[in-house]
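> 3D, please:
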Amino acid sequence: MTVAAQVSVAEITEQVTSRFVDRYYECLAIYSPGVDYIPGVTDDASFLANEVTIGTGGYDRQVIYYKNADVGLYADDGVALATKATTFSHDGSATSLEFSHVALVQGSGNVLTLGSVASNPTAGVDGTYTNLPTYTGGSGSGLTVDLTITSGGTLAAHYAVTVNRPGYGYAASDTIMVSEADLVSAGAVSAGAGSLGFSVATVTSGTGTVFAVAKPAATVVLTSGNEAVFYWNVKQYNYPVA
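Reported below is the predicted structural model:
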């Protein structure tokens, strides 16, 4: 005789925690009108190959992250994670940003930690400066950093950098730079002081596989600085087992 059983609340919570906590996911804009993504049927690599070209209308991948505080209490036969939002914003250029699907994939090359400063401006203004853009000679994109300057910024040891936004596609030991122009714009240095250089220490090693795909009712076309926001509500349900 088959007897139905329920998985315990503790087990469902553990599944959610082990599957999502301390994991990064990247949200991609895909232009593949007329295609219905079917898990297990659609070829993921071919589907993801239709990602909008980075920079088109200001497009870039968006990254979300789950932490312990995002795991909810058991309710309505399941454990839900906190809602995460991803926003695609048009940059105001003449080129529109168009996409037919959004895909959430396991993150890869998201920056976890940074190395010490290797090259520094000749002087700086003491203080903390947040969300500074960066550039690299590698293939990564989207990393921003917080910078703290002490003792007038005359030595490399006077500069401390930490991750603000992890970006994606980086590799350990990649060289990262914050340009002089961006430092001047933030008020961190004076013109002529020079740029800031450091390296990536550790990154995520996700597989980049598809987790979820959403298809809007019609192709999204962003122009004139408009934006589109997608909210991700993830929940693990406690289905009966035999």
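
> where exactly do the helices run in the protein?
9-20, 44-48, 180-186 (DSSP state H).

> Give the buried residues for the longest one.
Yep, that's helix 9-20 we're talking about. Residues 12-13, 16-17, 20 are the ones in helix 9-20 that count as buried (16 or more other Cβ atoms under 10 Å). Backbone N, C-alpha and C define where each C-beta goes, glycine included.

> And for the closest residue in space to residue 205 that isn't next to it in sequence, the neighbour number?
Closest residue in space to residue 205, ignoring its immediate chain neighbours: residue 108 at 6.9 Å, by Cβ to Cβ, 6 or more residues apart in numbering. When neighbours are defined as other Cβ atoms under 10 Å, residue 108 has 17 of them.

> Show the pLDDT at residue 108.
Looking at residue 108, its pLDDT reads 93.

> Kindly report the same for residue 14.
At residue 14, pLDDT is 95.

> Please identify the buried residues of the lengthiest strand in the chain?
Looking across the chain with DSSP state E, the single longest strand is strand 108-119. Buried residues in strand 108-119, counting neighbours by 16+ other Cβ under 10 Å, are found at 108-111, 114-115, 117.

> Now do the contacts for residue 144.
131-134, 164-165, 167 (Cβ atoms under 8 Å, 6 or more residues apart in numbering).

> Which pLDDT does the model give residue 41?
Residue 41 is given a pLDDT of 97.

> Could you give the number of residues near the closest residue to residue 223 other than its chain neighbours?
Closest residue to residue 223 apart from its sequence neighbours, by Cβ to Cβ, 6+ apart: residue 96 at 4.8 Å. Neighbourhood size, residue 96 [other Cβ under 10 Å]: 14.

> Against residue 185, how distant is residue 96?
28 Å (Cβ to Cβ, to the nearest Å).

> go on, residue 57?
23 Å.

> Ok, residue 216 next?
36 Å.

> same check, this time on residue 26
27 Å.

> okay, those two: which has more neighbours?
Under the criterion of other Cβ under 10 Å, the comparison of residue 26 against residue 185 puts residue 26 first, with 25 against 13.

> In this structure the more buried one contacts residue 102, no?
No: with contacts counted by Cβ atoms under 8 Å, residue 26 stays clear of residue 102, the gap being 10.7 Å.

> What does the pLDDT read for the residue nearest to residue 223?
98.

> tell me the domain boundaries of the chain?
Domain assignment for the chain, taken from automatic domain parsing, gives 5-107+206-241, 108-204.

> Please identify the most buried of these.
domain 108-204 (a mean of 18; mean count of other Cβ atoms under 10 Å).

> Thank you kindly, that will do.
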